[in-house]
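A.B. asks: Got a predicted model here, sequence first, then my questions.
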Amino acid sequence: MIHTPIVAIQGGLGNQLFQWFYAHGIPNTPEFALYAKYPEGPSTNVKREFGLAALIANCTHCRGLYEETARPTKVNLIPQILDHLWGTALLSRPLQSLGYFQGDVQRNANANGSRPKRPIYVNGYFQKWQYAKNHQRWIHSELLPVLRTLHSELSKRFDLSQPYTVIHVRRGDYRADQNPLAWIGCLADEYFIQWAKEHPSNRFVLLTEHQSEVEDLVSAIQPALVLDNASTTPWETLAIMSSATTFLGSNSSLSWWGAWTASINGASTFLPSKWDVMGRFNPADFLFPECTPCTPVWESFPNSIE
């Protein structure tokens, strides 16, 4: 198993999907194993869980799942050792020559080194639409069937058989982060309200983490349905997005997958033209050709940042 590349899986479902399909394109090998980095450390504001079990069941490339905290038979020490050694600057180049690759989505991150020809361990977020486009065959065979099955079940629960427009609002953990060096930024109500005025619909479906955080937005848009984490799982949220006829997303990796899969299904999709308020992320990594960029309107910085 040492010669099978190991790919770290971390973050929420949207991040995990980017990592999953990046794994499908690792050069010089048809197989990969996963290293689930859960539970996440104390710096995270929202508890995340490994969410790719449904994809593993239908994948012929995945050859193993290691967990950071698990029974000894499921532990692989290679990722833990390499992650620890990576913290020493002098070791970064030797580690890369051995087959360790750490990628990052930020423009100037020092983790973006050269990719080894035969990687041993891959750790990063890999949020680029090109990775998804390059592996559409696996998206069609592994991801879309799961979403179609879920949507069929959800249609009965929430009456989603008729055409609907989805608005996805991402705020909860973004608002909680008070670190000015890491703050991504929350899209203000005006961003969603103005778009809804320009794209009227008889059936708006508003998806968010916590309904209590979007009460003013609900009053302004009057959606037919509001769903949050108390009523849907991340997979169900993605399934609802994927079958929308029109979709407005946030600066969220789950939003991105909602836009991408909805676009594949023929929807008109819209994403913010800037991915974070500080400009650390390259919007071109997220704005795939079929989506329409929308000018973002940002909430004010948290008080500790102003």
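C.D. replies: Good, I have the coordinates.

A.B. asks: For the stretch 51-200 of the chain, which segments count as helices?
C.D. replies: With DSSP state H, counting those that start in this stretch as the criterion, the stretch 51-200 of the chain has helices at 53-56, 77-86, 92-98, 129-134, 136-138, 144-158, 172-176, 189-198.

A.B. asks: For F18, find the nearest of the ones you listed.
C.D. replies: helix 129-134 (6.7 Å; Cβ to Cβ). (C-beta placed from N, C-alpha, C; glycine too.)

A.B. asks: which helices and strands does that closest one pack with?
C.D. replies: Contact partners of helix 129-134 among helices and strands, from 3 or more Cβ pairs under 8 Å, 6 or more residues apart in numbering; DSSP states H and E: helix 13-23, helix 253-264.

A.B. asks: Out of the ones you listed, indicate the one that is most buried.
C.D. replies: Mean neighbour count (mean count of other Cβ atoms under 10 Å) peaks for helix 253-264 among the helices and strands packed on helix 129-134, with a mean of 25.

A.B. asks: quick one, that helix and helix 144-158 angle?
C.D. replies: 100 degrees (axes from the mean of the first three to the mean of the last three Cα atoms, to 10 degrees).

A.B. asks: and Y121, how many residues sit next to it?
C.D. replies: Neighbours of Y121 under the rule other Cβ atoms under 10 Å: 25.

A.B. asks: for H61, that is, sorry about that
C.D. replies: The burial count for H61: 17, using other Cβ under 10 Å.

A.B. asks: how close does the closest residue to it other than its chain neighbours sit to T4?
C.D. replies: Computed as Cβ to Cβ, 6 or more residues apart in numbering, the closest residue to H61 that is not its neighbour in sequence is E31, at 5.4 Å. Applying Cβ to Cβ, to the nearest Å, the value for E31 to T4 is 5 Å.

A.B. asks: between these two, what contacts are shared?
C.D. replies: Among the neighbours of E31, those also in contact with T4 (Cβ atoms under 8 Å, 6 or more residues apart in numbering) are R63.

A.B. asks: Any chance of TSV for the helices of the stretch 51-200 of the chain, columns mean pLDDT?
C.D. replies: TSV is the format used below for the helices of the stretch 51-200 of the chain (pLDDT from 0 to 100):
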stretch	mean pLDDT
helix 53-56	92
helix 77-86	83
helix 92-98	78
helix 129-134	90
helix 136-138	91
helix 144-158	96
helix 172-176	70
helix 189-198	98
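
A.B. asks: With distance to L217 as extra columns, can I get those helices in JSON lines?
C.D. replies: Below are the helices of the stretch 51-200 of the chain laid out as JSON lines (distance: least, Cβ to Cβ, whole Å):
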{"stretch": "helix 53-56", "distance to L217": "31"}
{"stretch": "helix 77-86", "distance to L217": "39"}
{"stretch": "helix 92-98", "distance to L217": "44"}
{"stretch": "helix 129-134", "distance to L217": "27"}
{"stretch": "helix 136-138", "distance to L217": "34"}
{"stretch": "helix 144-158", "distance to L217": "19"}
{"stretch": "helix 172-176", "distance to L217": "14"}
{"stretch": "helix 189-198", "distance to L217": "5"}
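
A.B. asks: Reformat the ones you listed as JSON lines; add distance to M278 and mean neighbour count.
C.D. replies: As requested, the helices of the stretch 51-200 of the chain are exported to JSON lines (distance: least, Cβ to Cβ, whole Å; neighbours: other Cβ atoms under 10 Å):
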{"stretch": "helix 53-56", "distance to M278": "32", "mean neighbour count": "14"}
{"stretch": "helix 77-86", "distance to M278": "24", "mean neighbour count": "16"}
{"stretch": "helix 92-98", "distance to M278": "25", "mean neighbour count": "14"}
{"stretch": "helix 129-134", "distance to M278": "21", "mean neighbour count": "16"}
{"stretch": "helix 136-138", "distance to M278": "32", "mean neighbour count": "15"}
{"stretch": "helix 144-158", "distance to M278": "32", "mean neighbour count": "15"}
{"stretch": "helix 172-176", "distance to M278": "12", "mean neighbour count": "16"}
{"stretch": "helix 189-198", "distance to M278": "17", "mean neighbour count": "16"}
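
A.B. asks: on that earlier part again, make CSV from the helices and strands packed on helix 129-134 and add distance to E209 to it.
C.D. replies: Shown next, in CSV, are the helices and strands packed on helix 129-134 (distance: least, Cβ to Cβ, whole Å):
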stretch, distance to E209
helix 13-23, 13
helix 253-264, 10
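
A.B. asks: Of those, which is nearest H199?
C.D. replies: Evaluated over the helices and strands packed on helix 129-134, closeness to H199 peaks at helix 253-264, with 13.9 Å, by Cβ to Cβ.
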